[in-house]
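Trainee: whatever this is, show me its structure:
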Amino acid sequence: FGDVHVDNVLFDSGCSSLLLPFPLEAGFPPALLESAMYNWIVSSSRGTGAVHSPVLKILPHLRGRGFDCTLADKEQPRLKMLRFHLGSQAANLSEQEWRRMLDSTCISKLNNFLSQLGSHAAPERSYALLGQSYLSQVMYCQSDDVALAFSKQFSGNDNVIHILGRYHQKLALLVEEFEGFHDLEDDDGDEDEEDFRLSWDMFSGDEIDEPDDR
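Mentor: Predicted coordinates:
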């Protein structure tokens, strides 16, 4: 995702999100840290779990430029933005190089988030969530736990149902062998959890950046 590597990806056709784990260990590629090329924004989000952590959006200054996306070594439609979940560790700016990319308003939002978080911890993400921001750009078919994404330029000469059936036979058995497959349940779209809701974004003047901006 724009040269940010993510090991695991969860597809969810029922959400609009693109949500990436913050690259705490690897850091951001140098190209993304060019202030003349990209705009970095901290925003609130409608669906980032019970804690409602903020998100970091990186958008190109030039409209239509977008970001490269590669899944399983295959080129995908370009992304309009990169959108990262900010847990308590990622939001802490004390030693983060990328703090210089943010304006004072964004830094204040993060400081307020951390202040209201107090002794609570907001977990980091370990995998990407791809919803309609990606799936709307491809032809997406699913059978049980096996899904295929076709280019919209797919000719359709072959029967898609038969293709999906063949892949289902090959891949269904591998699902149980994939370590952590059933742990990739995502609560970031679950707005029913009210155990601990921070106020930093409840009365914010921000526009929540999904689904319209995705």
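Trainee: alpha carbons only for contacts and neighbour counts from here, please
Mentor: Will do.
Trainee: got phi/psi on N39?
Mentor: phi -110, psi 120 (degrees, to the nearest 10).
Trainee: I figured it hits R63, correct?
Mentor: No - using C-alpha atoms under 8 Å, N39 is not in contact with R63, being 11.5 Å away.
Trainee: ranges for the strands of the chain?
Mentor: 9-11, 18-21, 38-43, 55-60, 67-71, 74-79, 82-85, 128-130, 139-143, 146-150 (DSSP state E).
Trainee: on that earlier part again, more crowded one of N39 and R63?
Mentor: Between N39 and R63, counted using other C-alpha atoms under 10 Å, N39 has the larger neighbour count: 19 against 8.
Trainee: have a look at the protein and report its longest helix.
Mentor: Criterion DSSP state H: the longest helix present in the chain is helix 160-175.
Trainee: please enumerate residues in contact with that helix?
Mentor: 141-143, 145-148, 181 (C-alpha atoms under 8 Å, 6 or more residues apart in numbering).
Trainee: which positions in stretch 84-92 come out as buried?
Mentor: 84-88, 90-92 (16 or more other C-alpha atoms under 10 Å).
Trainee: with stretch 24-39 instead?
Mentor: 28, 32-33, 38-39.
Trainee: go on, stretch 129-148?
Mentor: 129-135, 137-138, 146.
Trainee: widest-spaced pair of those?
Mentor: Spanning the widest gap among these are S133 and V146, at 19.9 Å by C-alpha to C-alpha.
Trainee: hmm, back to that, turn the strands of the chain into JSON lines, columns for distance to H120 and mean pLDDT.
Mentor: Below are the strands of the chain laid out as JSON lines (distance: least, C-alpha to C-alpha, whole Å; pLDDT from 0 to 100):
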{"stretch": "strand 9-11", "distance to H120": "26", "mean pLDDT": "85"}
{"stretch": "strand 18-21", "distance to H120": "19", "mean pLDDT": "91"}
{"stretch": "strand 38-43", "distance to H120": "20", "mean pLDDT": "89"}
{"stretch": "strand 55-60", "distance to H120": "18", "mean pLDDT": "91"}
{"stretch": "strand 67-71", "distance to H120": "34", "mean pLDDT": "90"}
{"stretch": "strand 74-79", "distance to H120": "33", "mean pLDDT": "89"}
{"stretch": "strand 82-85", "distance to H120": "17", "mean pLDDT": "92"}
{"stretch": "strand 128-130", "distance to H120": "23", "mean pLDDT": "89"}
{"stretch": "strand 139-143", "distance to H120": "38", "mean pLDDT": "81"}
{"stretch": "strand 146-150", "distance to H120": "37", "mean pLDDT": "80"}
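Trainee: those: which one's closest to R99?
Mentor: Short answer: strand 38-43, nearest of the strands of the chain by C-alpha to C-alpha, at 9.7 Å.
Trainee: tell me the gap between the closest one and the middle of its chain.
Mentor: Between the centre of strand 38-43 and the centre of its host chain there is 14 Å, according to C-alpha atoms, centre = their mean, to the nearest Å.
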